[in-house]
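**Q** how would this look folded up:
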Amino acid sequence: MTFELSKKKPVHGWFWYKEGFAPEIVEHAIGSSSPKTILDPFCGVGTALLAAKQKGIDSVGVDASPLAVFISKTKTDDYSREDIEAVKAFLARKLEPKRLSERLAEHPLKWEFELFGPRAAFPKRNYGQILAMRDAIEQEEGRARNLLLLGLLSILPQASIIVKDGGVLKINKSKRALPAKEIFRRKMKRMLKDLEGREAYGHAPRVFLGDARALDIPPESIELIVTSPPYLNNIDYSKIYGLELSLLHMSRAEAEEVRMRAVRSFIGKKMKVQEMPPEVGELGYKIPVIGTYFKDMEQAIVEMHRVLKSGSEAHIVVSNSVIHETHVLVDEVLAEISERIGFTDVEIIVGAERIADVRPQRIKTRESIVKVRKGKG
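**A** Numbering: from 1, shown residues only. The predicted model follows:
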């Protein structure tokens with residue numbers, strides 16, 4: 001079910017994304033059918049899109065985060081021999097210590113992050129090298145530039161003294177940060193190895209920034225949906241991946257815009273419940289984030305129903321949650337909402353079970369796929 005094994009797979013593993021799902025889920029959803037177009041309205045780092053491309057199927061990806069859109073586009077793009085040679089030339093010329101020092105002195109960059117100053121997240125040498133490499137990459141063009149920038153974004157956790165602890169970023173001064181320039185070079189060599197001799201032209205997906213609750217996609221134009229919306233886990237992904245997002249745009253303002261487009265899966269301000277789906281019951285009033293989450297997911301499911309062709313399926317990867325010691329059966333509620341909206345053949349496929357240690361109790365919960373079909377006629 002999880003992204004764990006994907007970190008060793010070609011291209012899939014270019015950017016570690018704990019919240020992602022396994023590409024085998026896409027293969028299972030495709031099955032023996034031959035969909036012409038696959039949609040992932042919460043595309044994340046592009047697992048569904050890349051799996052579709054590898055099978056020669058057109059796909060569409062939408063995400064609220066510009067970081068996710070950038071990663072998905074870069075992982076699924078077509079690369080020529082010229083692109084690969086341009087990256088090799090960059091690694092040969094631009095990573096010399098003298099060049100990096102000169103570039104940092106000549107082009108001081110201002111890197112802003114909303115939670116704390118990025119300088120506190122890295123050893124001094126790594127911080128300087130990251131900024132110098134970021135500036136040098138910006139002088140490159142086209143697909144080579146995107147490959148290099150993705151490589152740089154992907155090494156930030158290893159080069160930093162930041163620990164991602166659940167839904168919180170923490171500075172851990174005892175953590176050993178790896179040398180930024182060297183792990184960047186290794187990362188790029190791995191990415192180039194994945195591309196060498198790989199003919200993967202055509203079927204590059206359309207990926208764009210958007211809101212799954214209001215898709216800019218024509219009705220009845222999609223033949224399969226495979227997606228994993230944010231889990232109801234009180235994690236603000238715009239903060240957990242905030243360093244990467246801020247280095248991508250060199251701005252801290254982007255995070256707030258991401259939250260405006262994102263499904264409300266975490267506790268925040270102004271969590272008033274309005275027109276809550278009836279399937280949620282009193283829980284939505286007792287714990288407002290539950291009500292707002294399912295309201296947003298109801299709108300997303302309405303959009304899925306609208307864009308799917310009759311007779312087509314949606315496979316929605318979700319996890320049940322424990323919020324304030326309350327076990328929320330997310331898959332069952334989404335299944336009931338889907339039936340009310342008009343989906344048929346609703347099925348819950350349990351993929352993994354785990355124990356949530358919520359002291360003083362231990363609650364058995366699960367990850368699953370809510371599989372639904374849009375009826376004909």
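
**Q** any idea which strand is longest in this structure?
**A** Ranked by residue count, the top strand of the chain under DSSP state E comes out as strand 343-358.

**Q** ok, it: who's next to it in the sheet?
**A** According to DSSP bridges, strand 343-358 forms sheet pairs with strand 361-374 (antiparallel).

**Q** where's the longest strand of the chain relative to the chain centroid, distance-wise?
**A** In terms of CA atoms, centre = their mean, to the nearest Å, the centre of strand 343-358 is found 21 Å from the chain centre.

**Q** state the mean pLDDT of it.
**A** Averaged across strand 343-358, pLDDT comes to 87.

**Q** where along the stretch 151-300 of the chain do the strands fall?
**A** 162-165, 168-171, 206-209, 222-227 (DSSP state E, counting those that start in this stretch).

**Q** wait, isn't residue 246 in contact with residue 118?
**A** Yes: if you go by CB atoms under 8 Å, residue 246 and residue 118 touch, sitting 7.0 Å apart. From N, CA and C alone the C-beta is placed, and that goes for glycine too.

**Q** tell me, what's touching these two both at once?
**A** 111-112 (CB atoms under 8 Å, 6 or more residues apart in numbering).

**Q** pLDDT weak spots in the stretch 51-200 of the chain?
**A** Scanning the stretch 51-200 of the chain for pLDDT under 70 picks out 97-108, 198-200.

**Q** and the strands of the stretch 151-300 of the chain: which comes nearest residue 323?
**A** Across the strands of the stretch 151-300 of the chain, the minimum distance to residue 323, taken as CB to CB, is reached by strand 168-171, at 16.3 Å.

**Q** starting at the chain centroid, how far to the closest one?
**A** Worked out by CA atoms, centre = their mean, strand 168-171 lies 19 Å from the chain centre.

**Q** next one: stretch 227-241
**A** With CA atoms, centre = their mean, you get 9 Å for stretch 227-241.

**Q** quick check: buried residues in stretch 335-349?
**A** Residues of stretch 335-349 classed as buried: 335-338, 341, 343, 348 (neighbour count, 16 or more other CB atoms under 10 Å).

**Q** what's the neighbour count on residue 325?
**A** Neighbour count for residue 325, taken as other CB atoms under 10 Å: 11.

**Q** I figured it was touching residue 361, is that so?
**A** Yes: using CB under 8 Å, residue 325 is in contact with residue 361, at 7.3 Å.

**Q** show me where the stretch 251-377 of the chain has helices.
**A** Secondary structure of the stretch 251-377 of the chain (DSSP state H, counting those that start in this stretch): helices located at 254-261, 283-286, 288-307, 330-341.

**Q** now do the contacts for residue 43.
**A** 49, 61-63, 68-69, 72, 207, 227.

**Q** tell me the two of those that are most distant?
**A** It's 69 and 227 that sit farthest apart of those, by CB to CB, at 14.7 Å.

**Q** of the two, which one has the most company?
**A** More crowded of residue 69 and residue 227, by other CB under 10 Å: residue 227, with 27 against 20.

**Q** list the beta-bridge partners for the more buried one.
**A** residue 316.

**Q** state the pLDDT value of it.
**A** You'll see residue 227 listed with a pLDDT of 97.

**Q** dump the residue contacts of it.
**A** Residue 227 touches 39-43, 48, 314-317, counting by CB under 8 Å, 6+ apart.

**Q** show only the entries of the residues you listed found in strands.
**A** Among those, the members falling in strands (DSSP E) are 39-40, 314-317.

**Q** quick revisit: which of the contacts of residue 43 lies closest to residue 304?
**A** The closest of the contacts of residue 43, once distances to residue 304 are taken by CB to CB, is residue 227, at 8.1 Å.

**Q** nearest residue to residue 324 other than its sequence neighbours?
**A** Nearest residue to residue 324, sequence neighbours excluded (CB to CB, 6 or more residues apart in numbering): residue 287, at 5.7 Å.

**Q** measure that neighbour to residue 229 for me?
**A** 18 Å (CB to CB, to the nearest Å).

**Q** same thing with residue 315?
**A** Separation of residue 315 from residue 229 (CB to CB): 12 Å.

**Q** just the endpoints, please. Distance across stretch 14-28?
**A** Stretch 14-28 stretches 23 Å from its first residue to its last (CA to CA, to the nearest Å).

**Q** show me what it is in contact with.
**A** By CB under 8 Å, 6+ apart, the surrounding residues in contact with stretch 14-28 are 1-3, 5-7, 9, 12, 38, 44-45, 47-48, 50-52, 55, 71, 74-75, 150-151, 153-154, 157, 164, 191, 194, 226, 228, 230-231, 235, 237, 315, 317, 351, 369.

**Q** hmm, try it at 7 Å
**A** For stretch 14-28, contacts defined as CB atoms under 7 Å, 6 or more residues apart in numbering pick out 1-3, 5-7, 12, 44-45, 47-48, 51-52, 71, 75, 150, 153-154, 191, 226, 228, 315, 317, 369.
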